[in-house]
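A.B. asks: Predicted model and sequence follow; I will ask about them next.
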Amino acid sequence: MDSKLLQFSSISKKLIMALAGLFLIVFLLVHLAINLLLLMNDSGLLYSQAVKFMTTNIIIKIFEIFLFGGFIIHILVGVVLQIKNWISRPVGYYVMNKSKTSFSSKYMIWTGLIIFVFLAIHFMNFYFVKLGIVEPPAGVSVHDFYTMAILLFSNKIYSFIYILLLILLGFHLNHAFQSAFQTLGFNHNRYTPALKIIGTIYSVIVAGGFIIIPIYFMFFNN
Amino acid sequence: MNLTLKIWRQKNAKTKGKFVTYKIKNVSEDSSFLEMLDQLNEQLISENQDSVAFDKCPVAFDHDCREGICGMCGLYINGRPHGPDLGITTCQLHMRKFKDGDTIVIEPWRAKPFPLIKDLVVDRSSFDKIIQAGGFVSINTGSAQDANAILISKKNADLSMDAAACIGCGACVATCKNASAMLFVAAKVSQFALLPQGKVEAVERVKNMISTMDELGFGNCTNTYACEVECPKLISVTNIARLNREFIHAKVIAEKERQISGGF
Ligand code: HEM
Ligand code: SF4
Ligand code: FES
């Protein structure tokens, strides 16, 4: 797979990455919607129902395969492209570049890699538990994601790191959203500025939405 | 005004380079950046009549037209290609953009496909190779056609002219964090793709130019858009989106059509 991947032209790799990225962008909205159910004042009833649906429904299972594929392709292509980019400038500048560009766009590989680390932790805490690879916390059933989530969010250090990482995800998304459209060849005098604003709103909603949850459990649910 | 210049000196691609600091006095605010460098070189020549030390020899830098049209004078000045002004080349940069007592750091373009020749001079023939890969445009020679024989919308004529303004200076590559040549290639592909005359070879052109760009070792675009900010001809990144569209068309639609027509 890797040597095949290297043979694609630069633009083809970018296109693959943009499509996978857009898919992940849609997925994040679904994920957020389910997580927000944690805030319902019903001891996790709705949330648990949603989790049950997501873990048993056959369509979701198929969707899950695409999702893993999407992540793997996006990350793999992203890293391959980035390594090539570093090789393209073997001798750097003495004075750091001062051209005006957006903050988010400069650190995509770093925000991306940090999201990857977060994904690994996230899998340890949830997905691998479901698969039975990792033991659930003592006294919690394998399917009781609600209690697992509450337990994690009651840990202040975990919550703090979680919030920090989601802010970085927000930065990644802020550039990623409009970048994907440009890569796919869409750039329009009027719609592109609008897309940039939508991208920023999207990243604030996604990052903010996920962040509200630990804040709620830390400060309002005692 | 009096200035301190910190200039990258390197004898050739094989030797190691270093920064050398020079003091220069009485620089006119009305002189251009290249005239200031001329003044420095005059000073080095007159100060060091018998010296053979490399540091004391005149500084090599590229230039030709000195009016912003040839694209030779690429210098990375204080962290920006062509220095602190927008839409200009280094030869069009006025010294009044600097203050008395300033320290100015001058570096060559840095990118793998632009190997260093000497001091501030780099070899940009990679750009020529990309242009050559683009091939020819089918235009009949002979007497000029009737002007109305091929209709071109005003909008496309303007967009094509804007793209054709690219002078191949390499500032886009120099400033890009990925050393990507996408803005340059986008301009060269767009100027033809927008016109009926350029459509004939459009499919092959974009594929060949992109594969040559990749082979030469330029980086990949991450839509950071530093190129557009530093381009002396203000080439817009909308051209990069057009390049991507042309590429998708060549790889997907034109490829399908080719298969249907039996591989021709
Ligand atoms: C939920 C997670 C993620 C989403 C929704 C996402 C989305 C996106 C999108 C849509 C793009 C723009 C693609 C383009 O313009 O071609 C992008 C770019 C990028 N992503 Fe991600 N990404 C995610 C995670 C990651 C991870 C884990 C990495 C790890 C390395 C990563 C690395 C990159 C890099 C290097 C870029 C290139 C910058 C660019 O071309 O704009 N991303 N991402
Ligand atoms: S696109 Fe602009 S910056 Fe790049 S080579 Fe052409 S004129 Fe120079
Ligand atoms: S010397 Fe020709 S553009 Fe500057």
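C.D. replies: Cool, the structure landed. Numbering: from 1, shown residues only, chains lettered A, B, ... in the order given. Ligands and ions are numbered 1, 2, ... in the order given.
A.B. asks: Correct me if wrong: residue A:90 contacts residue B:114.
C.D. replies: No - using CB atoms under 8 Å, residue A:90 is not in contact with residue B:114, being 11.0 Å away. All C-beta spots, glycine's among them, are computed from the backbone N, C-alpha and C.
A.B. asks: Where does the stretch 51-200 of chain B get nearest to ligand 1, which residue?
C.D. replies: For the stretch 51-200 of chain B, the residue closest to ligand 1 is residue B:178, as judged by CB to the nearest ligand atom, at 9.2 Å.
A.B. asks: how near is the residue lying farthest from the centre of chain A to ligand 3?
C.D. replies: What lies farthest from the middle of chain A is residue A:94; by CA atoms, centre = their mean that is 34.2 Å. Between residue A:94 and ligand 3 the computed distance is 23 Å (CB to the nearest ligand atom, to the nearest Å).
A.B. asks: in the chain, which spans are helices?
C.D. replies: Defaulting to chain A. Assigned by DSSP state H, chain A shows helices spanning A:2-7, A:10-36, A:45-56, A:58-87, A:103-106, A:108-122, A:128-131, A:145-153, A:156-183, A:191-219.
A.B. asks: was after chain B, sorry
C.D. replies: B:33-47, B:125-133, B:154-164, B:171-175, B:182-193, B:196-199, B:202-215, B:226-230, B:238-248, B:254-260.
A.B. asks: would you turn those helices into TSV with distance to residue A:205, mean neighbour count and mean pLDDT?
C.D. replies: Shown next, in TSV, are the helices of chain B (distance: least, CB to CB, whole Å; neighbours: other CB atoms under 10 Å in any protein chain shown; pLDDT from 0 to 100):
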stretch	distance to residue A:205	mean neighbour count	mean pLDDT
helix B:33-47	47	17	96
helix B:125-133	42	18	97
helix B:154-164	36	15	96
helix B:171-175	33	29	97
helix B:182-193	31	26	97
helix B:196-199	43	14	90
helix B:202-215	36	20	95
helix B:226-230	28	24	96
helix B:238-248	26	23	96
helix B:254-260	39	12	78
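A.B. asks: Quick check: phi and psi at the residue of the stretch 101-250 of chain B found nearest ligand 1.
C.D. replies: Closest residue of the stretch 101-250 of chain B to ligand 1, CB to the nearest ligand atom: residue B:222 (3.8 Å). Residue B:222 adopts backbone torsions of phi -120, psi 20, taken as degrees, to the nearest 10.
A.B. asks: give the contact list for the residue nearest to residue B:37 when sequence neighbours are not counted.
C.D. replies: What sits nearest to residue B:37 in space, not counting adjacent residues and going by CB to CB, 6 or more residues apart in numbering or on different chains, is residue B:61, at 5.8 Å. Going by CB atoms under 8 Å, 6 or more residues apart in numbering or on different chains, residue B:61 touches B:34, B:37, B:73, B:75, B:119-121.
A.B. asks: which bits of chain B sit near ligand 3?
C.D. replies: Counting by CB under 6 Å from any ligand atom, chain B comes close to ligand 3 at B:63-66, B:68-73, B:89-91.
A.B. asks: Show me which of these are buried.
C.D. replies: B:63, B:66, B:68, B:70-73, B:89-91 (16 or more other CB atoms under 10 Å in any protein chain shown).
A.B. asks: Could you single out the nearest of those to ligand 2?
C.D. replies: Lowest distance from ligand 2 to these (CB to the nearest ligand atom) belongs to residue B:71, with 6.0 Å.
A.B. asks: Could you pull up the contacting residues of the closest one?
C.D. replies: Residue B:71 neighbours (CB under 8 Å, 6+ apart): B:89, B:167-170, B:232.
A.B. asks: Residue B:252 versus residue B:180, what's the distance?
C.D. replies: 23 Å (CB to CB, to the nearest Å).
A.B. asks: Of the two, give the one with the bigger neighbour count.
C.D. replies: Just comparing residue B:180 and residue B:252: by other CB atoms under 10 Å in any protein chain shown the higher neighbour count belongs to residue B:180, 27 against 11.
A.B. asks: The more buried one is in contact with residue B:173, isn't it?
C.D. replies: Yes - counting by CB under 8 Å, residue B:180 does reach residue B:173; the two are 6.8 Å apart.
A.B. asks: what sits in contact with each of these two?
C.D. replies: Common neighbours of residue B:180 and residue B:173 (criterion: CB under 8 Å, 6+ apart): B:218, B:227.
A.B. asks: Let me know whether residue A:18 touches residue A:185 as I believe.
C.D. replies: No - applying CB under 8 Å, one finds residue A:18 not in contact with residue A:185, separated by 9.8 Å.
A.B. asks: Which residue of the two possesses the greater neighbour count?
C.D. replies: For residue A:18 and residue A:185, the more surrounded residue by other CB under 10 Å is residue A:18, and the numbers stand at 22 against 19.
A.B. asks: what's that one in contact with, if anything?
C.D. replies: Residue A:18 sits next to A:179-180, A:183-184 when contact means CB under 8 Å, 6+ apart.
A.B. asks: from those, which two are the most distant?
C.D. replies: The span of the contacts of residue A:18, defined through CB to CB, is set by A:179 and A:184 at 9.8 Å.
A.B. asks: Looking only at neighbour counts, state which of those two leads.
C.D. replies: Between residue A:179 and residue A:184, counting by other CB under 10 Å, residue A:179 is the more crowded of the two (25 against 17).
A.B. asks: list the contacts for the more buried one?
C.D. replies: With contact set as CB under 8 Å, 6+ apart, residue A:179 has these partners: A:18, A:105, B:222-223.
A.B. asks: Would you check which pair of those lies furthest apart?
C.D. replies: Maximum pairwise distance among the contacts of residue A:179 (CB to CB): 14.2 Å, between A:18 and A:105.
A.B. asks: For residue B:230, list the residues it contacts.
C.D. replies: Neighbours of residue B:230 in contact, by CB under 8 Å, 6+ apart: A:99, B:80-82, B:171-172, B:174-175.
A.B. asks: Could you do residue B:222 as well?
C.D. replies: Contacts for residue B:222 (CB under 8 Å, 6+ apart) come out as A:81, A:85, A:105, A:108, A:179, B:177-178, B:180.
A.B. asks: and what of residue A:74?
C.D. replies: Counting by CB under 8 Å, 6+ apart, residue A:74 touches A:17, A:20-21, A:24.
A.B. asks: Alright, I will stop here.
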